[in-house]
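Colleague: what's the 3D shape of this:
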Amino acid sequence: MAEDLAPLADVLLVHREPAHIAMAAVRAGVRDIISADAEPQELRAALDRAADRVFAARAGAGLVPPPAPHEPAAVGRVVTVTSPKGGVGKTTIATNVAVGLAQRFPQRVVLIDADVHFGDVASALNLEAKHSLPDIARGPAARDSIAVKSYFTQHVSGLFVVPGSDSPADADAVTPDDLAQLIAMLREQFAFVIVDTAPGLTEHTLASLDNTDHLVLVTSLDVPGVRGLRKEIDPLDNLSMVVGRRTIVVNFNERSRGMTVADVEATIRAGVDFVLPQSNAVPLSTNQGIPLLQGARRDPVSRELRVLVDAVAPSASEPVTGRLSRRKR
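Modeller: Next comes the predicted model:
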């Protein structure tokens, strides 16, 4: 009788003293024993093992029908925003692009702060987060695509946010593989996954680039930033790491800086796609934690950011890959 029921059930015993009853329980047909004081994730793992055994047994007995043919699930676009050095407005651009997309695609955009040690996305959005990247990428939510949304912090725009860690020590637990798995899971649930990275090509940034459909590279008009951008573009091109779109943004454009957009293009040997002017509205927005695109501002930076959002979310008739036409300045 037990053999007849084997494909249909699996026996899991929860007991306060599992060591004392182990042999008797095994003889009685128990397949797994767990302490009643076990952590929730340990109990969940035991239940998962039991479910796997039942499914395997049912499949072996011919009780599991073959899967019905279906169309591949649609996946969202991953947009990674990076820069060769800090202080160029990368997070400002990432948060504004994410908010702009969330306004157009309510409940379908998520922003990940992948600057695992020093990310300040939550501050830029004036958010108080209960859960951060280590909780989400390493905790039970990392294995539960249904429950993971409950760990996010939601912005007033409808944007879902995975904030960076409050503690650099806690952030050490998040590996590049953890980040890659989180991105892969979220792109199956959201139309857009925006990833704000740490400056430079860190291992976590490279993990994000492996899953990227649209790369946004940001620099300012200064020699270290522009030379760093050249050093960042070269290996990406040589390794063909990003096969989708690439957009180059020059931020804080102002004549008094002693450089021009033409100087940038000559140095990086590539065209600049967007130029954002220097504006007092940007530090004010950052200090208030209110992204420029959260309101209906009409300043030059907001106008350019909205066009950048257009570029990230092209119409259905526009091809997914290929460089954007250069915007003349």
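Colleague: make it CA atoms for all contacts and neighbour counts henceforth
Modeller: Fine.
Colleague: For the stretch 201-329 of the chain, which segments are assigned as strands?
Modeller: With DSSP state E, counting those that start in this stretch as the criterion, the stretch 201-329 of the chain has strands at 214-220, 245-253, 274-277.
Colleague: Check the stretch 1-150 of the chain too.
Modeller: Using DSSP E, counting those that start in this stretch, strands in the stretch 1-150 of the chain cover 12-15, 32-35, 77-82, 109-114.
Colleague: okay if I get these as JSON lines plus mean neighbour count?
Modeller: Converted to JSON lines, the strands of the stretch 1-150 of the chain look like this (neighbours: other C-alpha atoms under 10 Å):
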{"stretch": "strand 12-15", "mean neighbour count": "16"}
{"stretch": "strand 32-35", "mean neighbour count": "18"}
{"stretch": "strand 77-82", "mean neighbour count": "26"}
{"stretch": "strand 109-114", "mean neighbour count": "28"}
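Colleague: With mean pLDDT and distance to residue 213 as new columns, can those be given to me in JSON lines?
Modeller: Listed next are those as JSON lines, based on pLDDT from 0 to 100; distance: least, C-alpha to C-alpha, whole Å:
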{"stretch": "strand 12-15", "mean pLDDT": "60", "distance to residue 213": "44"}
{"stretch": "strand 32-35", "mean pLDDT": "71", "distance to residue 213": "43"}
{"stretch": "strand 77-82", "mean pLDDT": "97", "distance to residue 213": "5"}
{"stretch": "strand 109-114", "mean pLDDT": "97", "distance to residue 213": "15"}
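Colleague: Residue 220 and residue 275: what is the separation?
Modeller: According to C-alpha to C-alpha, to the nearest Å, residue 220 stands 10 Å off from residue 275.
Colleague: Name the residues contacting each of those two.
Modeller: Common neighbours of residue 220 and residue 275, counting by C-alpha atoms under 8 Å, 6 or more residues apart in numbering, are 250, 251, 253.
Colleague: about what we covered before: pick the most buried one from the strands of the stretch 201-329 of the chain.
Modeller: Among the strands of the stretch 201-329 of the chain, the stretch with the highest mean neighbour count (mean count of other C-alpha atoms under 10 Å) is strand 214-220, at a mean of 25.
Colleague: could you dump that one to CSV, C-alpha only?
Modeller: Extracted as CSV, the C-alpha positions of strand 214-220 are listed here (Å, rounded to 0.1, in the frame of the first residue of the first chain):
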residue,chain,number,x,y,z
HIS,A,214,20.6,49.1,-22.3
LEU,A,215,23.8,50.6,-20.8
VAL,A,216,23.8,54.3,-19.8
LEU,A,217,27.4,55.7,-19.3
VAL,A,218,27.7,59.0,-17.4
THR,A,219,30.6,61.4,-17.2
SER,A,220,31.1,65.0,-16.4
